[in-house]
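Colleague: Pasting the sequence and the predicted coordinates here, then a few questions.
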Amino acid sequence: MSKIRVECGDITRLRVDAVVNAANSGLRGGGGVDGAIHRAGGPSILQECDAIRYRQGCCPTGEAVITGAGDMPSKHVIHTVGPVWRGGQSDEASLLANCYRNSLDLAMKHGLRTVAFPCISTGVFGYPPEQAAPLALHAVRDFCARHPDAVDEVIFCVFSRADEALYVELLKD
Ligand code: AR6
């Protein structure tokens, strides 16, 4: 059984097996949590991202790739590319669910047992947080139900009190 909980704060400070990055398909770093992860982890993360892009090209929306975590206390970064919100009729929901599912799948394949997610797509990419949160939780619960021994703990690492309130309410059920 996996434990699912919410924590409010900077994901780069978490001592977990994997932090998930809300990346872009070029894997070149950027703003938001992506920028924070590359700043905190140092240049090795971008070097590994460059090597991945050289090997397999860009990371499509909904997919995930893995690197080390450089100078961060976590061990790995799972970079996933969330959908840009275009009003909700462009497959955003299933693409966002794929991010959570594929990130956990990658964690499972690498034997990583504690995983922290930011609120993927809800910053620069504009996905409404109140729609993203139940979807994220459903995708994670579904994965954990299908793979009960895969991970010990999934943390939703929110960055605002508003997002914290959303997840606290949803986790009551
Ligand atoms: N720890 C945890 N969460 C954070 C942190 C942090 N240090 N910093 C920001 N957040 P965003 P997106 C939250 O914009 O919408 C980048 O340029 C933030 O408050 O980081 O998927 C990439 O390169 C929000 O709740 O990601 C892409 O181009 C959440 O992380 C694009 O932005 C996601 O916001 C991806 O946009």
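Modeller: Cool, the structure landed.
Colleague: alpha carbons only for contacts and neighbour counts from here, please
Modeller: OK.
Colleague: Just say helix, strand or coil for residue 72.
Modeller: Here residue 72 is coil, with the state taken from DSSP: H, G, I helix; E, B strand; the rest coil.
Colleague: My understanding was that it contacts residue 38; is that so?
Modeller: No - using CA atoms under 8 Å, residue 72 makes no contact with residue 38, being 9.5 Å away.
Colleague: nearest spatial neighbour of the most centrally placed residue in the chain, skipping sequence neighbours?
Modeller: Per CA atoms, centre = their mean, the C-alpha nearest to the average position across the chain is that of residue 20, at 3.4 Å. Closest residue in space to residue 20, ignoring its immediate chain neighbours: residue 78 at 4.6 Å, by CA to CA, 6 or more residues apart in numbering.
Colleague: for that neighbour, what are its contacts?
Modeller: Listed by CA atoms under 8 Å, 6 or more residues apart in numbering, the contact set of residue 78 reads 18-21, 64-67, 103, 106-107.
Colleague: Tell me where the protein has helices.
Modeller: 32-41, 43-56, 92-109, 129-146, 161-171 (DSSP state H).
Colleague: Reformat these as TSV; add mean pLDDT, distance to the ligand and mean neighbour count.
Modeller: What follows is the helices of the chain, written out as TSV (pLDDT from 0 to 100; distance: least, CA to the nearest ligand atom, whole Å; neighbours: other CA atoms under 10 Å):
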stretch	mean pLDDT	distance to the ligand	mean neighbour count
helix 32-41	98	3	19
helix 43-56	98	12	15
helix 92-109	98	10	21
helix 129-146	98	8	17
helix 161-171	98	7	15
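Colleague: To residue 9, which of those lies closest?
Modeller: Nearest to residue 9 among those is helix 161-171 (9.5 Å), distances taken as CA to CA.
Colleague: so how far is the closest one off the chain centroid?
Modeller: Remark: helix 161-171 is offset 17 Å from the chain centroid, using CA atoms, centre = their mean, to the nearest Å.
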